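Asker: What follows is a predicted structure for the sequence shown.
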Amino acid sequence: MKSSETKITKKMQIAIFDMTDCEGCELEFINLREKLATLADQADFANWRLASDNSNPGPFDVTFVEGTPITEEDIAILKQARSVSRFIVSLGSCADLGGVQSLVGSKGWKKGVPLVYGEKYKTTSKAPKPLSYYINVDYRLPGCPINGNELEAFLGALLVRKHPAEKRFPVCLECKARENVCLLLEGQPCLGPVTKGGCEAACPSRGLRCWGCFGALRGGNQKALKKMLDIKHGKDRTEQVFGAFMTHQDEFKEMYPKEK
Amino acid sequence: MQESVLNHYICKIEGHGDLKLNYKSGKATLNIDEGERLFEQLVLGRPYDDAPFITARICGVCPTAHVLVAIQAIEDAFGVTVNERIMSLRRALQAGQIIQSHALHLFFLAAPDYLDVVNAIELHHTRPELYKTAVAMKKLGDKLVEVIGGRAIHPVAPAVGGFLSVPGNDVLKEMIGELRAAIPMALATVELFASFEYPNLKRKTEYLATQQDGKLTYLDGNSIVSNSKFRGTIENYGYAFTEEVRSGSNSKYGTRDGHGFMVGALARLSLDQESLHPKALYALRSIWGQKLPSYNSFHNNVAQAIEIVHLIEESIAQLESAIANSKELARVPFTVREGCGVGAIEAPRGTLYHSVKTDKNGIITDYDIVTPTVQSLVNLEEDADEMMKKYGKLPEKELYRQIEMLIRAYDPCITCSVH
Amino acid sequence: MTNENNYKKIKVISVRGLNPRVRAIRFGFVEKQDAKDFTFAPGSFIMVAVPGFGESPLTVTTSPSQLPEFEIAVRTNGNNTMALNRLDVGDTAYVRGPLGNAIDLQAVYGRELILIGGGIGLAPLRSFIHFLSENPQTVSKLTIIHGAKTPQDLIFKDELAKWKKFADVHVVVDIGDEDWDGETGNIVKSLDKITIGKKASVIVCGPPAMYLPIVKSIQKKDVAKEQISLMFERKLHCGIGKCQHCTCGGKYVCLDGPTFKYSEIENNWEAFV
Amino acid sequence: MSLSINKKDFGHFLLGIIESWPTYGPMEDEDGAKSRFRFARLRTVKDYALHYGPTIIPPKKYLFPAREDVFRFEKGEILPPTNKDFVVFGVNKRDGEGLFYLDQIYRYPVEDTFYTDRRKHMKLVIVDSLPPSNNVDCDLYLQIVGDKKFAAFPFTDFGESLISGNKDFGHAGEIGEISVRHMPDEVIHHPRLAEIIEDSRESKIWDKLSEICFNCGICSYTCPLCYCYNEGDRIDLRGNVENDVKGGRERTWDSCMLPDFAAISFKDFRPKHRDRIYNWYYHKFVRMPREQGFVGCVDCGRCITYCPARINYRKVLESLIKNDKRK
Ligand SMILES: Cc1cc2nc3c(=O)[nH]c(=O)nc-3n(C[C@H](O)[C@H](O)[C@H](O)COP(=O)(O)OP(=O)(O)OC[C@H]3O[C@@H](n4cnc5c(N)ncnc54)[C@H](O)[C@@H]3O)c2cc1C
Ligand code: SF4
Ligand code: SF4
Ligand code: SF4
């Protein structure tokens, strides 16, 4: 256990950095609304480019990193942030899983750059990878975007120096709690059974199949689901479905061993 | 101004931009530093209904605009016409998107410059009533998007052909009540932003927006209109401007006949004020009292505030129409076919285009995206040059600050510009 | 019927470090009535909660004679144990229980008794050791074996010497350090070396991996299955047979245990996974 | 002398309840072309669906919701429960049986007062065409007689108070004896089922199932008799104002099918999927009959209908019974 102090006296120093991404997850902080002000009473936003002029160089107690490291600058910021932060949190699926931009794989990405920018275009960027490819990550808050209530509970815990617990149930739990008609039973390739919960079944509750944006549930039975989807939707489509958010995860690599 | 890798990007804009002023040449450059995500490649080889979901992730501030325009493009390719109920809900959804985005920009990104705080959260202490307004306005937009789209960021319910699920009429009625109640607050927002003292930047430029039969619109545009003589069609948006790739920057830059042009709230209102709803027109004429076009890009802030008023009124009308038509289907049947289609939408920051090609199974074979920020970037730099000319004598730090304020007034979304 | 969800407020009287990850915390009750009502027998467990951090099954390490004060030994293992180990003198927490079965006094009465505690596993046995020191006639002979990975992981080091007055005490570590002059090696090997009578009774508490080897070693000495008791650890929330996490084959650790006779569970397919 | 109510007065009677207590009951959701039933707050009489079809989640959710605070805490103090009276109206007999068995589970052998306290506040009205029996425990039982009448059987003072003196009720007159022959289900109540399952531990059937089952836990969430849960403390985001922690002890649904069900930081005590599946059957059909005296299944069919992998526990049981070697 890393923490042993008894009473909390110092204001917690929070930093939020964004790599390449949509910045939607950071917005969930702003969507805390009144509670954002409450949070600010107890913690300093020491460095938050999107919403503040403060840009302290550190050190930070908790650093949220959103987005996928792609540019050289991204990677430099990430490494610097790691060196001045006690805890690093991967904020959102871009950071935690490599995001949708990883769905074509490293090779696909390298092939794609000239197709979008022209043959002459030179880039120093690297193919998208999750944060954990470059640094150690202490806590994970996946989701595309993250879930506001989960963020709230997460922050509530951090403020009292408690370790936020990772979710250990699939999306189906929350989906059934909301009494949704099951989309898998309706023939759609829903990834709910093998996806880590925490989103309150945001998608199936409005009729959209789960895309797996919270990442693979540890110990989920991906193989069984794959078998079923292969038959119903074809092998290629099934790979596309699993590959939307999970290409960097062991569960995916086990099912689809060759590098894309 | 670089001290550490942890602080060299411009604060309070969406995405990573770095401002360089070259005193010798009198030129300002906004370097864009955002990784290549290759969205146009990501959707290839996937079925059409993956496109709205994937392209939403281009931007967390305006995902709904991407979702709706992707759907428009696909429906265009398949030849789908949806019913009035669906259109009304989409218009209201798009209104919610713009309210959300404008409220975020105005209060959380722009306002701190003028209210002397390092971030909007401090307003909670210095001006608590204003902080309340800020979160309430943001919440209003969020709620509207959530009610119709299923989630405030990256909505899930809109789909090709309509909606996967729609809220009940009682929910819509409740929403209408909330929208009505918010109008005074929206007017107060106009008042606030009209009261700020903006630098006196004046530089004639070209404004572009989509309109429906010559009228202000956000979702139903059928032509591209400019304050010059130019008129274009949406299908041929590629001819309206050129997109350049610059070395060292991973955004593209849009120009018309070699010069910059502007899209977004100020452009839209400069091209048509007459179609504003009454309260918004009142806000423009009586609260602000500014004649448009004013050719001062800082005024984009006020234009956004006025749009909020207009879009609240608009969404009330659209929700009422959705309730009146609630017997119609929430999703119309359609046939997948080989085709190509274009969608254009007025996103918070200006016109957003998606175009798509599908094969006979609805698999995407080609995709193109042009974002508003790409279109406005050159104009932004031209404005910045003008600022250097005009305020070149100011201390360097102050000049940087002023130009950064200009950049924020544009509300650029670099995240979108590199997709 | 007693209410097993009735939380009693307790207050820290003193704390001391037993090793870098384990602290002994002494509590007293805040309410007089609670102090009067609370009783326990060695071997049963209590649920201790720091509101906000959860609750944990823990065992009292002091003899019932010390009531209404009691001591627990807590190893930081997660949130609630971390919170417990942050408490200062005067801070409060909650307790409910006791829950589970206790050590079967009847079964060990008058016999030779061997207590084996691996790591933090000595904590639950300590209460019984104290009880035995107060009531030495209970057993005919007492042997205590305490093992740990390193000398750092031993607990109640200061007391081990005192216990020698009324018991045979063996202390063994897997890996010693410069200052270590005691026994090193495997706890099972050192158990093999000890002579144990056929009629002896053995109670074991420690990491699950050591149970089967220890049982084997003891059985070689012809000790009956009924006389070998094992204290079990499982994930546990309710302590009253509802939450289902502690089920072990056909048994609940919280209701049927935590102490099981080897004869009860030798065929339980989930006892030694 | 029993009382009864005519169908035309039924709405008025229900309205009286809705106006006096928060009332929950079965209702139909129109969801485009699909229709589904679920239990929800009844706000008008029209909301109530007398003959409801299967609901995804049984009424257990009023006693054991997907997520609840079993208690709240503030300034280091655990606060007492704050349950208030509410009515669950119109549960059919089978769902009523589910509630009855759930009650037994949480009452015996040790009572879980968090559950029983709420249960005391839940007033239950069962409506069914079958007569009441001793495996339901409700305040009022309304038996549908013919198509115009409900005969009323109050079982508690509360139930009595609902009907006595209520002008909607009149004397029942003669209610013809309705005989229902209770046929014990030959699969679920097979006399040797427990032994058969005990013997099947090494059977390949569990391995085969583990290749199909997604271990998503839907069979548990939807089951009226599944009751396992997780607990943990949630802290409200108001932070640590002068070290005052405020929040709640959250009890959430769990499922013994889920991968980490028996795992603690350093060890997983039931790591194999096949063993977790076996445990589900073992608990329902072996441990529960021994512990509680009844099987953990009321044959409502939910776990069959809603399993996305289309596993049918009845077929599993049937095949085990068929292969019973000791027959
Ligand atoms: C009968 C029994 C007696 C015990 N006696 C002691 C003792 O005297 N001293 C001591 O230091 N430890 C003891 N333990 C282990 C101790 O209970 C766990 O270390 C503790 O529950 C971890 O809780 P946490 O909140 O810190 O961990 P987290 O990982 O945050 O756990 C969250 C919850 O999961 C459950 N849980 C997690 N790990 C365990 C575990 N190992 N055992 C049971 N439940 C767990 C608890 O309900 C806990 O509150 C005993 C365990 C059992 C079953
Ligand atoms: S995870 Fe999704 S919502 Fe979050 S930043 Fe990435 S794309 Fe945006
Ligand atoms: S819709 Fe998806 S998430 Fe919901 S129950 Fe079915 S498989 Fe699970
Ligand atoms: S349902 Fe699936 S895709 Fe949707 S938010 Fe939840 S985890 Fe992500």
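Answerer: Now that the structure is in, tell me what you want to look at. Numbering: from 1, shown residues only, chains lettered A, B, ... in the order given. Ligands and ions are numbered 1, 2, ... in the order given.
Asker: Which of the helices and strands in chain D ranks last by mean pLDDT?
Answerer: strand D:169-171 (a mean of 83; mean pLDDT, DSSP states H and E).
Asker: What residues sit buried inside the helix or strand following that strand?
Answerer: Next in sequence after strand D:169-171, counting helices and strands by DSSP states H and E, comes helix D:193-199. Counting neighbours by 16 or more other C-beta atoms under 10 Å in any protein chain shown, one finds that the buried residues in helix D:193-199 are D:193-194, D:196-197. Quick note: C-beta positions are derived from backbone N, CA and C, even for glycine.
Asker: for stretch C:8-18, same thing?
Answerer: Applying a neighbour-count criterion of 16+ other C-beta under 10 Å, one finds C:8-10, C:12, C:15, C:18 buried in stretch C:8-18.
Asker: which among these gets closest to chain D?
Answerer: residue C:9 (7.9 Å; C-beta to the nearest C-beta).
Asker: Contact partners for residue C:229?
Answerer: Residue C:229 makes contact with C:103-104, C:201-204, C:259-262 under the criterion C-beta atoms under 8 Å, 6 or more residues apart in numbering or on different chains.
Asker: Of those residues - the most surrounded one?
Answerer: residue C:202 (27 neighbours; other C-beta atoms under 10 Å in any protein chain shown).
Asker: Show the contacting residues for residue B:281.
Answerer: residue B:273.
Asker: Make sure it is indeed in a helix.
Answerer: Yes. When DSSP: H, G, I helix; E, B strand; the rest coil is applied, residue B:281 is found to be in a helix.
Asker: Let's see the pLDDT reported for it.
Answerer: Looking at residue B:281, its pLDDT is 96.
Asker: And it, how close does it get to residue B:146?
Answerer: Shown here: residue B:281 relative to residue B:146, a distance of 29 Å by C-beta to C-beta, to the nearest Å.
Asker: And residue C:9, by the same measure?
Answerer: 42 Å.
Asker: repeat for residue C:128
Answerer: Taking C-beta to C-beta, one finds residue C:128 at 59 Å from residue B:146.
Asker: can you check residue C:48 too?
Answerer: Computed with C-beta to C-beta, the distance linking residue C:48 and residue B:146 is 42 Å.
Asker: Those two: which has the busier surroundings?
Answerer: Between residue C:48 and residue B:146, counted using other C-beta under 10 Å, residue C:48 has the larger neighbour count: 26 against 20.
Asker: my guess is the more buried one is in a helix, correct?
Answerer: No. Residue C:48 is assigned strand when assessed by three-state DSSP, not a helix.
Asker: Spell out which parts of chain C neighbour ligand 3.
Answerer: Taking C-beta under 6 Å from any ligand atom, no part of chain C reaches ligand 3.
Asker: Please go through chain C and pick out the longest strand.
Answerer: In chain C, taking DSSP state E as the definition, the longest strand is strand C:8-19.
Asker: now for it, which elements pack on it?
Answerer: strand C:22-29, helix C:32-37, strand C:92-99 (3 or more C-beta pairs under 8 Å, 6 or more residues apart in numbering or on different chains; DSSP states H and E).
Asker: nearest to ligand 1, of the ones you listed?
Answerer: Among the helices and strands packed on strand C:8-19, strand C:22-29 comes nearest to ligand 1, with 6.6 Å by C-beta to the nearest ligand atom.
Asker: can you give me the strands for chain B?
Answerer: Secondary structure of chain B (DSSP E): strands at B:17-22, B:27-32, B:158-159, B:162-163, B:206-212, B:215-216, B:223-226, B:231-233, B:242-245, B:252-255, B:261-262, B:339-347, B:350-358, B:364-370.
Asker: Can you pull the phi/psi pair for residue C:65?
Answerer: Residue C:65 adopts backbone torsions of phi -70, psi -20, taken as degrees, to the nearest 10.
Asker: I'd assumed residue C:135 was in contact with it.
Answerer: No. At 9.1 Å, residue C:65 does not count as touching residue C:135 under the criterion of C-beta atoms under 8 Å.
Asker: Show me which of those two is the more surrounded one.
Answerer: The residue with more neighbours, out of residue C:65 and residue C:135, is residue C:135; 12 against 9, by other C-beta under 10 Å.
Asker: Taking the stretch 151-300 of chain D, what residue is nearest to ligand 1?
Answerer: residue D:264 (3.7 Å).
Asker: Cool, thanks, signing off.
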